[in-house]
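Peer 1: Need a 3D model of the following:
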Amino acid sequence: MACPQLLSRIDKNVWKDKPMLLMAASPGGRGGANVLRVMKELLPRFGGNVVAEFSLPSFYSNYSAEGIKDQTLKLELHEKVKSFESSLNIYVYENTLNN
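Peer 2: All right, here's what the predicted structure looks like:
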């Protein structure tokens, strides 16, 4: 991401309302919750449209080479990705019509 100090001197709508799926993982039980919270507040100030977020806690327990082990977390990620894809398709369609 661009440096916030630099963004204060140019057009702040850097992301131009693009849909975003925020994801974080950490070895701890909070799964990067603080970073997600900060980014969820920061990105809309620069034109980001946060449509979904996903946190993977206890990374080493919940993830392997085959993917996410916990079925509840796996389903949650799948649903968030579907929501993001839907928002992205709408964004692309609308911007195709406007250009």
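
Peer 1: Look up which residues are beta-bridged to the residue nearest to the spatial centre of the chain.
Peer 2: Geometric centre of the chain, nearest residue: Leu22, 1.5 Å, by C-alpha atoms, centre = their mean. Beta-bridge pairing of Leu22 under DSSP bridges involves Glu53.

Peer 1: residues in contact with stretch 91-99?
Peer 2: 17-19, 49 (C-beta atoms under 8 Å, 6 or more residues apart in numbering). C-beta here means a position set from N, CA and C on the backbone, and glycine is covered the same way.

Peer 1: Show me how far that stretch is from its chain's centre.
Peer 2: With C-alpha atoms, centre = their mean, to the nearest Å as the basis, stretch 91-99 stands 21 Å off its chain's centre.

Peer 1: which of the residues in it are buried?
Peer 2: Neighbour counts over stretch 91-99 (16 or more other C-beta atoms under 10 Å) mark Tyr91 as buried.
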